[in-house]
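> No sequence on hand, only this structure:
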């Protein structure tokens, strides 16, 4: 609890610096990177927003969601449908024709209007997360059971989207967009604009989350993570608080998905499946959950490594990536941000060695036990 | 209390480190490219950062030949994930062709240098890697893709950057991208003639079974039109999700519908389950004809020849196809990759696609996309599966249609072929019953 008491105005002021430096670097990136690399960075930043969303619910509210790909995907599909319908000029999109539809289904038709589609990017995933969250949290389901339920959600939704080809484009997803608000989607100018919008969105999400976790309700959320019963005894209703946090987290993930689609040019069920959903947790874990900078660094670093390694070693890159994850979890359980914790000391550099010694003593069972007890709360 | 580290006082040192970390990240991204060692990173950065010439502008219109005397080409297949089992073999065939061309002097006197990328069975990754190959590596052409989904994901990238893709797999048609050459069959080179063959053989009751995605859906849309024109109607149409393995219900439905033929557009693992369970249900090829269009020699190895003996498949090439070119191709493939490897239709298409591109480049005298496209018109090549001719306008190739029956050693005996190469017609414009198809997708 001591850390909670240390919250003061002074800390807020000093810790603005990393945000400003990071923001400056991101804004300078277009002058340094080629169009292709900038496009990649833009994509990674949408993943950073997604990681921040997961971090809110996992790092601060203590519930590991393995279904965040779904919320990302819902936001992406809302955006994708909007762009697709803009491209066809209200005509039937090609994938609907292949599947034998004759006219636009009534529940998809409104997505041709920006005033409907853009808010839906947030509302749709937030509503799904809120609905599911309320049912789950009301029944006081927590820990590993919550993780399993959300994982099932990502499996169910991705199968549903694959199966409903007339409405969702099936396995292919929705692709081949031409314009966004009348601009050519793939022109360098549009892509640059989208990059800046993504940077701004990331900054705004970071700021909002920062205000939230430092606010009174943020502190209750953290208290809930550390001891839910105590919060309940104090008269708060954890179910409601968790539902709100989960819905907000889902909505933010939806925004990330909507920014992803015009930059990458496709949204498909593979972006919302189990694999993708677990990967999001990996980014957060590598960066350091429960910190605000950690997920951003984790998402960008892991994805940069993924792209870089697969380019250099197209056949065996997954082994390197796997090794990286195992190494990160075993040696840096608090993630990259964990390395910066505390005062500068010799101990920091020898910590991984200490950790190896500990692991040797604990054996595999000990490692697994430690990981599961710390991850699902 | 680890989670609250950001909120502690005295964080200035941390801020600096975070900033340094961010700087490092950006430089990682800036430098991460196909460069095998970090030592080449500065040169890479210099090349990519020239602010006056953004990569995409320099690229517009013409891919440049490397001054160092090599021509870079991209090879983009899934080397990991569910599709890797099929696509790795196509990558192997593409590399074999490149090796052969290089051994005989290369193209325009230059060696071809393949840049291999992993699409990872993930469609957004295909789009990312395609963009990387075109913009960063500045490859002259990309050979790659298998699933329609991967092609659909790459198509906008190739069109926006004026790249060139050779796509080696039979597909559902209804597409002609100016930036894609389709060396696999379109519907009138596989599905339509297969249905014609079955009709001619006196079959009237068709049962359509497929995986639930765009290829089976579109194929069956076309087959339904074709049957309607013959005064018939499918007695059943069933879709199962990709990866589905429980077929007893479907087999029961097939039994009660009593079809003459099951037209099978299942893909991947599902075929293993379907044919095994069909055999277990006591239904033999004598009782019920099945025609598969996504099962080739490579897949038969996985399904087990004993489960498929006597069932029919429709393709443009079999390993057993008797041409001098094929004898040479099969033996070269086995020598390079192992005696137990088999060749099949997409492998062959992945192989001869490289030759077609190389011939077009020689003819054009450059790797410029527009020039290569122009030079490729009407180009002919003696492929292992017979003569192929690039169509003048739709960038598909004319190829011979073959129907065969599976043997107990997993090879295929040809029982019918079209006699001569069939001109590709992706929108089925030459078929009266298919009128309106082109209008509805364009």
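Yep, that arrived. This one's a predicted model, so the numbers in the text were calculated from it and none came from an experiment.

> so where's the stretch 251-377 of chain A uncertain?
Residues of the stretch 251-377 of chain A meeting the criterion pLDDT under 70: A:341-352, A:371-372, A:374-377.

> Now do the helices in it.
A:274-287, A:293-312, A:317-331, A:335-339, A:346-375 (DSSP state H, counting those that start in this stretch).

> Those residues of the stretch 151-300 of chain B touching chain A, which are they?
B:152-153, B:155-157, B:160-161, B:172, B:174, B:212-214, B:217-218, B:221, B:241-242 (C-beta under 8 Å from any C-beta of the partner chain). Every residue, glycine included, has its C-beta placed from N, CA and C.

> Now restrict the residues you listed to buried residues only.
Buried members of those, scored by 16 or more other C-beta atoms under 10 Å in any protein chain shown, are B:152-153, B:155-157, B:160-161, B:172, B:174, B:212-214, B:217-218, B:221, B:242.

> Among those, which has the minimum pLDDT value?
The lowest pLDDT within these belongs to residue B:242, with 76.

> Quick one: classify that one as helix, strand or coil.
With DSSP: H, G, I helix; E, B strand; the rest coil as the basis, the three-state label of residue B:242 is coil.

> Now tabulate the helices of the stretch 251-377 of chain A in a markdown table and tack on distance to residue B:340 and mean neighbour count.
Output for the helices of the stretch 251-377 of chain A, formatted as a markdown table (distance: least, C-beta to C-beta, whole Å; neighbours: other C-beta atoms under 10 Å in any protein chain shown):
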| stretch | distance to residue B:340 | mean neighbour count |
| --- | --- | --- |
| helix A:274-287 | 31 | 23 |
| helix A:293-312 | 28 | 24 |
| helix A:317-331 | 25 | 15 |
| helix A:335-339 | 46 | 23 |
| helix A:346-375 | 37 | 12 |
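
> can those helices go into TSV with extra columns for distance to residue A:132?
Shown next, in TSV, are these (distance: least, C-beta to C-beta, whole Å):
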stretch	distance to residue A:132
helix A:274-287	14
helix A:293-312	22
helix A:317-331	28
helix A:335-339	27
helix A:346-375	20
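
> Ok, which of the ones you listed comes nearest chain B?
helix A:293-312 (3.0 Å; C-beta to the nearest C-beta).

> just checking, what packs against the closest one?
Counting contacts by 3 or more C-beta pairs under 8 Å, 6 or more residues apart in numbering or on different chains; DSSP states H and E, helix A:293-312 packs against helix A:16-32, helix A:35-55, helix A:274-287, helix A:317-331, helix A:335-339, helix B:12-31, strand B:111-118.

> and the most centrally placed residue in chain B, what does it touch?
Nearest residue to the geometric centre of chain B (C-alpha atoms, centre = their mean): residue B:146, 2.8 Å. Residues counted as contacts of residue B:146 (C-beta atoms under 8 Å, 6 or more residues apart in numbering or on different chains) are B:77-78, B:83, B:86-87, B:90, B:168-169, B:346.

> How many residues are close by the closest residue to chain B within the stretch 151-300 of chain A?
Using C-beta to the nearest C-beta, residue A:290 is the residue of the stretch 151-300 of chain A that sits closest to chain B, at 2.5 Å. Neighbourhood size, residue A:290 [other C-beta atoms under 10 Å in any protein chain shown]: 25.

> and it, how far is that from residue A:60?
From residue A:290 across to residue A:60, the span is 6 Å (C-beta to C-beta, to the nearest Å).

> For the closest residue to residue A:116 other than its chain neighbours, grab phi and psi.
Among residues not flanking residue A:116 along the chain, residue A:110 sits closest, at 4.4 Å (C-beta to C-beta, 6 or more residues apart in numbering or on different chains). Note on residue A:110: its backbone torsions stand at phi -60, psi -20 [degrees, to the nearest 10].

> ok, residue A:110 touching residue A:119?
No: Residue A:110 is beyond contact range of residue A:119, at 10.8 Å (criterion: C-beta atoms under 8 Å).

> So these two - more neighbours on which side?
Neighbour tally, residue A:110 and residue A:119, criterion other C-beta under 10 Å: the higher count belongs to residue A:110, 15 against 11.

> Show me which helix or strand of chain B is least confident by mean pLDDT.
helix B:41-49 (a mean of 36; mean pLDDT, DSSP states H and E).

> is it true that residue B:150 touches residue B:118?
No: the criterion here is C-beta under 8 Å, and residue B:150 misses it with residue B:118 at 11.9 Å.

> hey, what's in contact with both of those two?
residue B:78.

> Can you get me a residue count around residue 143?
Using chain A here. Neighbours around residue A:143, by other C-beta under 10 Å: 15.

> nope, chain B
So residue B:143, with other C-beta under 10 Å, has 31 neighbours.
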